[in-house]
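> What shape does this take:
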Amino acid sequence: MIRTLGPNLSAPHLSANDPGFIAVHRAIGEIAAGRPVIIRDGLQAVLASPIDGGPILSGRMTLTAARAGYLGLEPAPTVVEAEPDRAVLSAIAMADAADVGRHMRAGSIANAASELAKMAERVPAMTLGSASSAPPGTLAAHAGDVLSFRHALAATQRPIASAPVPLAAGATANVTAFRNAIGGTVTAVVVGDIDRGALVRVHSACVTGDILGSLKCDCGAQLRLALGRICSEGGIVLYTAQEGRGIGLANKLRAYALQDKGLDTVDANIALGFHDDERDYAAAGNVLAQLGLSSIRLMTNNPTKAAGLATQGISVEPVPLIGPVTPDNERYLATKKTRSGHHL
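This next block holds a predicted model:
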């Protein structure tokens with residue numbers, strides 16, 4: 001299953017100045033730091049703490065629908081009850097196999113807890129405790145605001161700074177940083193004059209492939225190919241901070257470890273509680289619109305990426321971008337083709 005955001009970002013539920021937006025932003029920071037937060041919904045309130053790094057509040061823990069289905073439970077958001085032990089709960093949250101005892105379908109607070117963990121790039125499993133036991137000063141957020149936050153955030157990208165940058169691929173690009181309301185950036189690398197039907201690559205950050213030259217994926221090769229194309233033909237590379245198909249570097253490395261145990265890239269993400277692809281393209285669509293583009297030729301083999309931009313009002317003509325097949329990435333590319341529908 002692929003994460004999708006609705007097409008209408010013109011009137012998100014939250015705006016960046018709303019107290020609810022600010023509360024969620026601060027709650028993400030707390031979860032990223034391993035500190036519990038209070039999640040409210042109506043008269044209900046629960047204290048939630050990330051399983052990877054936060055204190056264990058009890059034996060009650062949230063699981064996403066993906067993780068529940070992987071463990072053989074109903075594929076729905078779930079709360080499990082187990083021994084309040086970190087090793088036991090961590091195995092239920094992210095091991096390649098685990099036994100689950102008592103469990104029940106989760107409500108909106110548990111859904112919001114998992115979403116907070118995802119946005120903080122933690123494993124999306126949170127232990128739950130009584131809000132009345134929260135220390136003074138514990139931050140709180142409303143479940144509805146948590147679940148609306150991504151929509152609101154995607155609409156806040158604004159150009160902050162630009163400069164010409166000479167590229168090794170053979171041209172000078174105008175590079176612009178588009179910053180959102182909490183400091184995240186989409187980087188637009190533009191070569192030449194752009195107009196309707198411009199050649200575009202929307203590239204998700206990959207530390208291992210783009211920077212380290214990993215042979216495990218084709219990300220670095222695709223980035224270099226795309227930069228070469230725009231340097232010779234003109235066009236844009238949008239560099240987006242969606243490492244590991246949107247799960248973050250630490251979780252990507254956890255997924256790599258599961259792949260070493262025999263899981264493919266899709267099942268490894270699902271085993272950790274994520275969709276097989278957590279990326280969304282709302283921010284990219286917003287940036288393209290600000291660049292004056294409503295119709296593009298998109299360098300991609302991924303029909304989901306094309307569809308994601310189309311939901312943002314961008315007319316897309318896919319253009320293949322085929323990198324080399326090697327013994328190290330052959331299985332990865334085969335999974336992209338057979339399980340994710342990439343045109344390879």
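> Which segments of this structure make up each domain?
19-152, 156-340 (automatic domain parsing).
> May I see the ones you listed organised as a markdown table, with mean pLDDT and mean neighbour count added?
Every residue, glycine included, has its C-beta placed from N, CA and C. As requested, these are exported to a markdown table (pLDDT from 0 to 100; neighbours: other Cβ atoms under 10 Å):
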| stretch | mean pLDDT | mean neighbour count |
| --- | --- | --- |
| domain 19-152 | 95 | 19 |
| domain 156-340 | 93 | 18 |
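> ok, residue 133 to residue 88 distance?
For residue 133, the distance to residue 88 (Cβ to Cβ, to the nearest Å) stands at 21 Å.
> Strands of the stretch 1-150 of the chain, residue ranges please.
Ranges of strands in the stretch 1-150 of the chain, per DSSP state E, counting those that start in this stretch, are 37-41, 44-50, 60-63, 78-81, 102-105, 126-130, 140-142.
> neighbouring contacts of the shortest one?
In other words, strand 140-142. Strand 140-142 has contacts (Cβ atoms under 8 Å, 6 or more residues apart in numbering) with 20, 23-24, 26-27, 37-41, 45, 112, 116.
> and which of those residues is nearest to residue 234?
residue 24 (39.4 Å; Cβ to Cβ).
> Need the contact partners of stretch 257-274.
For stretch 257-274, contacts defined as Cβ under 8 Å, 6+ apart pick out 63-64, 66-67, 69-70, 93-94, 96, 114, 118, 123-125, 245-247, 251, 254-256, 275-278, 331-332, 335-336, 339-340.
> For the residue nearest to residue 29 when sequence neighbours are not counted, which residues are in contact?
Using Cβ to Cβ, 6 or more residues apart in numbering and skipping the chain neighbours, the partner closest in space to residue 29 is residue 120 (7.7 Å). Residue 120 is in contact with 28-29, 31-32, 50, counting by Cβ under 8 Å, 6+ apart.
> Make CSV out of those residues and add distance to residue 310.
Shown next, in CSV, are the contacts of residue 120 (distance: Cβ to Cβ, whole Å):
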residue, distance to residue 310
28, 29
29, 33
31, 32
32, 32
50, 34
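> who touches residue 224 in this structure?
Residue 224 sits in contact with residue 169, where contact means Cβ under 8 Å, 6+ apart.
> Name the nearest residue to the spatially most central residue of the chain, sequence neighbours excluded.
Geometric centre of the chain, nearest residue: residue 246, 2.4 Å, by Cα atoms, centre = their mean. In space, and not counting its chain neighbours, residue 246 is closest to residue 278: 3.2 Å by Cβ to Cβ, 6+ apart.
> got it, and residue 68?
Per Cβ to Cβ, 6+ apart, closest to residue 68 is residue 78, 4.2 Å.
> Can you name the residues bridging to the one you found?
Beta-bridge pairing for residue 78 (DSSP bridges): residue 63, residue 105.
> which residues touch it?
By Cβ under 8 Å, 6+ apart, the neighbours of residue 78 are 62-63, 65, 67-68, 103-106, 110.
> Spell out the residue ranges of the strands in the stretch 201-344 of the chain.
Per DSSP E, counting those that start in this stretch, the stretch 201-344 of the chain carries strands over the ranges 235-240, 295-299, 315-319.
> Please name whichever of those is nearest to residue 143.
Comparing these under Cβ to Cβ, the one sitting nearest is strand 235-240, at 27.0 Å.
> name the helices or strands packed onto that closest one?
Counting contacts by 3 or more Cβ pairs under 8 Å, 6 or more residues apart in numbering; DSSP states H and E, strand 235-240 packs against strand 185-191, strand 198-204, helix 219-233, helix 282-290.
> The second one pairs with which strands, and in what direction?
Neighbouring strands of strand 198-204 in its sheet, by DSSP bridges, are strand 235-240 (parallel), strand 295-299 (parallel).
> how about it as CSV, C-alpha atoms only?
Output of strand 198-204 as CSV, limited to C-alpha atoms (Å, rounded to 0.1, in the frame of the first residue of the first chain):
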residue,chain,number,x,y,z
ALA,A,198,9.9,20.8,-18.9
LEU,A,199,12.0,17.7,-18.2
VAL,A,200,11.8,17.0,-14.4
ARG,A,201,13.2,14.5,-12.0
VAL,A,202,11.6,14.4,-8.5
HIS,A,203,14.4,12.6,-6.6
SER,A,204,14.1,11.3,-3.0
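> what comes into contact with that strand?
219, 222-223, 226, 229-230, 233-240, 242-243, 245-246, 279, 281, 284, 288, 293, 296-300, 305, 309, 319, 321.
> likewise the last one?
Applying Cβ under 8 Å, 6+ apart, the contact partners of helix 282-290 are 5, 9, 150-151, 153-155, 157-159, 178, 180, 186, 188, 200, 202, 236, 238, 240, 294, 296, 308-309, 311-314.
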